[in-house]
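Asker: Sequence plus the predicted model coming up.
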Amino acid sequence: MPISLSTHSRQALVMIRTNLSSLPRRVAISASMCLSVALVVCVLAGFLSMAKGFETALTGAGSPLIAVVLGGGTSQETGSEIPASVIRTLDAMTGDLGVARDTDGKLVLSRELVVPIDLSQTADGAASMLALRGMDATGPLIRDGISLSVGRAFTPGTREIVVGGRLAGEFGLDVGKVVRLGAVDWTVTGYFSAHGSAFESELWADLDAVRAAFDRQGEVQSLKLRLTNPFSINLLQEKLAAIPETPLIALSEADLYAAQSGRTAGLIRLFGWPIALLMAVGATAGALNTMMSSVSDRTVEIATVRALGFSRFSAFLGTWTEAIVLAGTGVMLGLLASWLIFNGWQASTIGANNARMAFQLAVTPDVLTISGLLGLAIGIFGGAVPALAATRLALTAALRARG
Amino acid sequence: MTENIVPYIALAGVRKAYRIGGEMIPIFSGLDLAIPDGDFVAVMGPSGSGKSTLLNMLAGIDSLDAGTLRIGNSCLDQMGEAARAAWRAHNMGIVFQFYNLLPMLTAAENIELPLLLKPLSRKERYIRVEKVLDLVGLAGRERQYPALMSGGQQQRVGIARAIVSDPGLLLCDEPTGDLDRKSADEILDMLRFLNRELGKTIVMVTHDPQAALYACRTLHLDKGDFVEEKRAA
């Protein structure tokens, strides 16, 4: 029935056009609907971009080719302890452990220890707890995607630190500056970049220097080893099971950080969604009010065209489309504002090891899509009831009312 | 109120009541009416006499509680609302007291509205719109918006919209009620022309005795029944 479809389409188009053309008569209330939708979109996009940025920072830190060995039965660096005897045993193991070896046949590994330190921020002087990671000289080399952006690496055996790119400006850690960490002074020798990952929220120094400065002699919390391939983590875990001194766990760095990011990002979303949904309910009520006002404003027009023979469906579509167009405008405004305000915004939270972790909010395409869909849903649901009301107008009003 | 010839519009035993505040208020209690094809009937009567209800029933906008309503070969009392709307689109034009033009559409676009319900091409619609604009004396004002027109001109657009799909029946609800005498006379002349020259059957509800003089006959409605009929000299 192409002709029938065509006449229906024409009716719908006329109704949509007349609805949209009459918007200037309802500027204030239409604008308020757009703004309330934009606000909902902004709030949800803010939370989601925060969760996304946090995830990006942590997942960017983890490589599937790096194994993290933890001791004492814990699956986090905090609380983990690896006795020196275990390291000697591991080092003495021959055969394939699934781990890369250097040209001398020695395991490519870095012993590491994280110490929490207090540092004052440049802007307001407020103290923040940061993670000072002591590591072997191989530490930066083992990791993927680490590069020195300014200066040079720390020299083994000295009290020198390299600073993650996110911290340098915020804490005034200029290259060459001497800062007091714990009971001793340290010299900043350079900044490193890690593609914005969680590593950039750390300070790195020589393991022995850190242990000496913080009275943690002989302590090692974790071992970082370079795997021969992502699947050899299972082989390494099997070999570790043969070491009886302490229960050892081998995780890929990617899995370790994914688990951390999953918990916190989930928490951010857990707060964000209810707030956004509550606001969306309010905005839907606002949309309902706006569109009821539109129907009321256009009573005579709707009744007139229906008296001429236009279908109920065309009346429904005209009002519904208006609601969706207004919500769509709000969505575009909200998304634009979210992108301008949140994308790249520097935020921080308490990460692993109870230390401050900086990250950038990321307004990614999936954040935009999800937030936009929620905004559109406001128009779809908030506009449906008034659109139905438009189809149920008493047509006798058209013959009586002033057009 | 019957005619000897087969009527174009026939109401028989029509009953209609409205529920107001829990009480049923009868409007018609067995109304009969016959209007032959090509007639021009003015319906007069005091407020509350049932004029608007009669017009709404003839337009298929309001339903009957009982009785029959036939227009041409169609029994409106047996049709559902959607069928009556479709019937209205193809067989009837309505002229409103306050013109009821869509303010955001031009004169031509307002007139085109009923044609959108028909399987006509854009060119066919354009030709028809131009023709009726010329007929109502508004040639050249296609792109003018209603707000920029006088009341008389707006009502001409309203009439053009009512006749553009060439319906056999025109229902006019106080078509001159919002116009000055001069404009009213022009509109009434036009309705008379449509009746006499184009053979349209016209039912016009009016309070204005001078307007009723343009009709072939005038029916007086009071308390839901026709109490008097006057034929034009």
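Answerer: Noted; the coordinates are in hand.

Asker: So what's the residue count around A:Ser75?
Answerer: 14 (other C-beta atoms under 10 Å in any protein chain shown). Quick note: C-beta positions are derived from backbone N, CA and C, even for glycine.

Asker: Can you name every helix or strand that the longest helix belonging to chain B contacts?
Answerer: Using DSSP state H to define each element, chain B has its longest helix at helix B:181-196. In terms of contacts (3 or more C-beta pairs under 8 Å, 6 or more residues apart in numbering or on different chains; DSSP states H and E), helix B:181-196 is packed against strand B:40-44, helix B:151-163, strand B:169-173, strand B:201-205, helix B:209-212.

Asker: Rebuild these as a markdown table, extending it with distance to A:Ala254, mean pLDDT and mean neighbour count.
Answerer: Converted to a markdown table, these look like this (distance: least, C-beta to C-beta, whole Å; pLDDT from 0 to 100; neighbours: other C-beta atoms under 10 Å in any protein chain shown):
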| stretch | distance to A:Ala254 | mean pLDDT | mean neighbour count |
| --- | --- | --- | --- |
| strand B:40-44 | 85 | 95 | 23 |
| helix B:151-163 | 70 | 94 | 24 |
| strand B:169-173 | 77 | 94 | 25 |
| strand B:201-205 | 81 | 96 | 25 |
| helix B:209-212 | 87 | 92 | 17 |
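
Asker: between these, which one is nearest to A:Leu270?
Answerer: helix B:151-163 (58.3 Å; C-beta to C-beta).

Asker: so what secondary structure elements neighbour the closest one?
Answerer: Counting contacts by 3+ C-beta pairs under 8 Å, 6+ apart, helix B:151-163 packs against strand B:92-95, helix B:107-112, helix B:122-135, helix B:181-196.

Asker: ok, residues contacting that helix?
Answerer: Helix B:151-163 has contacts (C-beta atoms under 8 Å, 6 or more residues apart in numbering or on different chains) with A:308, B:93-96, B:99-101, B:107, B:110-111, B:113-114, B:129, B:132-133, B:135-138, B:141, B:146, B:149, B:170, B:175-176, B:178-180, B:182-183, B:186-187, B:190-191, B:194, B:198, B:200.

Asker: Just the buried ones from those residues?
Answerer: A:308, B:93-96, B:99-101, B:107, B:110-111, B:113-114, B:129, B:132-133, B:135-136, B:138, B:141, B:146, B:149, B:170, B:175-176, B:178-179, B:183, B:186-187, B:190-191, B:194, B:200 (16 or more other C-beta atoms under 10 Å in any protein chain shown).

Asker: can you pull the contacts of the residue nearest to A:Val385 when sequence neighbours are not counted?
Answerer: Excluding its sequence neighbours, the residue lying closest to A:Val385 (C-beta to C-beta, 6 or more residues apart in numbering or on different chains) is A:Leu288, at 6.0 Å. Going by C-beta under 8 Å, 6+ apart, A:Leu288 touches A:Gly382, A:Gly383, A:Val385, A:Pro386.

Asker: Out of those, who's the most crowded?
Answerer: A:Gly382 (29 neighbours).

Asker: That one: helix or strand, and which one exactly?
Answerer: helix A:365-391 (DSSP states H and E).

Asker: If you average the pLDDT over that helix, what comes out?
Answerer: Average pLDDT, helix A:365-391: 92.

Asker: Against which helices or strands is that helix packed?
Answerer: Helix A:365-391 is packed against helix A:27-61, helix A:253-297, helix A:312-342, with contacts defined by 3+ C-beta pairs under 8 Å, 6+ apart.

Asker: out of the ones you listed, deepest packed?
Answerer: Neighbour counts (mean count of other C-beta atoms under 10 Å in any protein chain shown) averaged over each of the helices and strands packed on helix A:365-391 peak at helix A:27-61, with a mean of 23.

Asker: I'd like the mean pLDDT over the next helix or strand after that helix, please.
Answerer: Later in the chain than helix A:27-61, the nearest helix or strand by DSSP H and E is strand A:66-71. Strand A:66-71 comes out with an average pLDDT of 91.

Asker: Kindly calculate the angle that strand A:66-71 makes with helix A:253-297.
Answerer: With axes from the mean of the first three to the mean of the last three C-alpha atoms, to 10 degrees defining the directions, strand A:66-71 sits at 110 degrees from helix A:253-297.

Asker: same for strand A:66-71, what does it pack against?
Answerer: Against strand A:66-71 (3+ C-beta pairs under 8 Å, 6+ apart) you get strand A:222-226, helix A:233-241, strand A:248-252, helix A:253-297.

Asker: May I see those arranged in TSV, with mean pLDDT as well?
Answerer: Output for the helices and strands packed on strand A:66-71, formatted as TSV (pLDDT from 0 to 100):
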stretch	mean pLDDT
strand A:222-226	92
helix A:233-241	89
strand A:248-252	89
helix A:253-297	83
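
Asker: I'd like the ones you listed as JSON lines, with distance to B:Arg84 appended.
Answerer: Formatted as JSON lines, the helices and strands packed on strand A:66-71 follow (distance: least, C-beta to C-beta, whole Å):
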{"stretch": "strand A:222-226", "distance to B:Arg84": "81"}
{"stretch": "helix A:233-241", "distance to B:Arg84": "75"}
{"stretch": "strand A:248-252", "distance to B:Arg84": "72"}
{"stretch": "helix A:253-297", "distance to B:Arg84": "22"}
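
Asker: Out of the ones you listed, flag the one nearest B:Pro119.
Answerer: Proximity to B:Pro119, assessed across these by C-beta to C-beta, is greatest for helix A:253-297 (29.7 Å).

Asker: Just want the most central residue of chain B.
Answerer: B:Leu171 (0.9 Å; C-alpha atoms, centre = their mean).

Asker: tell me the contacts of it?
Answerer: Taking C-beta under 8 Å, 6+ apart, one finds B:Leu55, B:Leu58, B:Ala59, B:Met92, B:Gly93, B:Ile94, B:Val95, B:Ile202, B:Val203, B:Met204 in contact with B:Leu171.

Asker: Which single one of those is nearest to A:Leu173?
Answerer: Nearest to A:Leu173 among the contacts of B:Leu171, with distances taken as C-beta to C-beta, is B:Ile94, at 81.2 Å.
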